[in-house]
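Colleague: give me coordinates for this.
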Amino acid sequence: MVPALSSFVDSRRVKALVCAADGCLFPLDLSWRSFAGEAMAGPSTGRARLPPTPVASAPSARPVPVRSPAVVRPDRSVVDAVGRLAGDYRLATITSWEPRRLEACLSATCLDLVIAPEHRIFLAGRDTAPGTEPGPSDFVEACERLGLGLDDVVAVQHSCTGVQSARAAGLRTIGNLHYVTARDRGPAAVDLARAGAVVVVRNWSTIARLLRCLPRGTP
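Modeller: Residues are numbered from 1 along each chain as shown. Purely as a prediction, here's the structure:
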């Protein structure tokens, strides 16, 4: 499932990763389900609570089944892997969530320190509905925010639409199955590869291991 990343990544150029938020950084799939209200971070628990009742469900294509708990907690394997990647790469995320919801979940999952506020791209301010996937122009904007060219950035996406948009923007793309249910990983991996992901991996730990094993180029 995992070829050598050196076959598609110029390690001398890659300086940043642009990641999906829900379903990739967090165990939520808002591409097919939205929830009423806002996520609120509990100051005493360090968790972001999401209302349990879905108020909308309108999939435009076969959804990727993703674990969707009512309470968002830190996933130690994600925190460790993303933290290691942040030591070598700049990180950005693109989401259709309202800013307060993303901020709550970043804080609750201990990822707020590795993704700078200026590198959080919000689609919600453009009259988009929750669950809207980013388009190619959003990935171009992310690269501009990072101050990097398209060849300097790799996208990490869990949805076919996200992969297609990143590829259309000109980004090499990693398909991430971290939060895809175990029984659905096989079909999801095939779908992501068909959508244009150059490599599909099981989890964030694999992404960190493969990217960090590449020899780093000079700045």
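Colleague: run through the bridge partners of the closest residue in space to residue 90 that isn't next to it in sequence.
Modeller: Using Cβ to Cβ, 6 or more residues apart in numbering and skipping the chain neighbours, the partner closest in space to residue 90 is residue 16 (4.0 Å). C-beta: built from backbone N, CA, C; applies to glycine. Counting by DSSP bridges, residue 16 is bridged to residue 90, residue 153.
Colleague: ok, residue 16 touching residue 89?
Modeller: Yes. Taking contacts as Cβ atoms under 8 Å, residue 16 lies within contact range of residue 89: 5.4 Å.
Colleague: what's the pLDDT at the residue nearest to residue 90?
Modeller: pLDDT, residue 16: 94.
Colleague: burial count for it?
Modeller: Using other Cβ atoms under 10 Å, the number of residues around residue 16 comes to 21.
Colleague: for residue 194, same thing?
Modeller: When neighbours are counted by other Cβ under 10 Å, residue 194 registers 11.
Colleague: again with residue 150
Modeller: Residue 150 has 14 neighbouring residues, counting by other Cβ under 10 Å.
Colleague: same question, the one 3 residues further on
Modeller: Applying other Cβ under 10 Å, we find 26 residues neighbouring residue 153.
Colleague: identify the residues contacting it.
Modeller: 14, 15, 16, 17, 18, 142, 143, 146, 171 (Cβ atoms under 8 Å, 6 or more residues apart in numbering).
Colleague: at 7 Å instead, please
Modeller: The contact partners of residue 153, taken as Cβ atoms under 7 Å, 6 or more residues apart in numbering, are 16, 18, 143, 146, 171.
Colleague: kindly report the same for residue 182.
Modeller: By Cβ under 7 Å, 6+ apart, residue 182 has no neighbours at all.
Colleague: tell me the pLDDT at it?
Modeller: 89.
Colleague: wait, residue 146 touches residue 90, no?
Modeller: Yes. Here residue 146 reaches residue 90: they are 5.5 Å apart, a contact under Cβ atoms under 7 Å.
Colleague: if we can go back for a sec, by neighbours, which of the contacts of residue 153 wins?
Modeller: Counting neighbours by other Cβ under 10 Å, the top entry in these is residue 18, with 30 neighbours.
Colleague: just for the protein, where's the confidence low?
Modeller: 1-12, 28-71, 124-131, 213-219 (pLDDT under 70).
Colleague: all strands for it, in order.
Modeller: In the chain, the strands defined using DSSP state E lie at 16-20, 34-35, 40-42, 47-49, 54-56, 71-72, 90-95, 120-122, 153-157, 172-176, 199-201.
Colleague: in JSON lines: those strands, plus distance to residue 134.
Modeller: Formatted as JSON lines, these follow (distance: least, Cβ to Cβ, whole Å):
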{"stretch": "strand 16-20", "distance to residue 134": "8"}
{"stretch": "strand 34-35", "distance to residue 134": "16"}
{"stretch": "strand 40-42", "distance to residue 134": "24"}
{"stretch": "strand 47-49", "distance to residue 134": "22"}
{"stretch": "strand 54-56", "distance to residue 134": "19"}
{"stretch": "strand 71-72", "distance to residue 134": "21"}
{"stretch": "strand 90-95", "distance to residue 134": "5"}
{"stretch": "strand 120-122", "distance to residue 134": "7"}
{"stretch": "strand 153-157", "distance to residue 134": "9"}
{"stretch": "strand 172-176", "distance to residue 134": "12"}
{"stretch": "strand 199-201", "distance to residue 134": "19"}
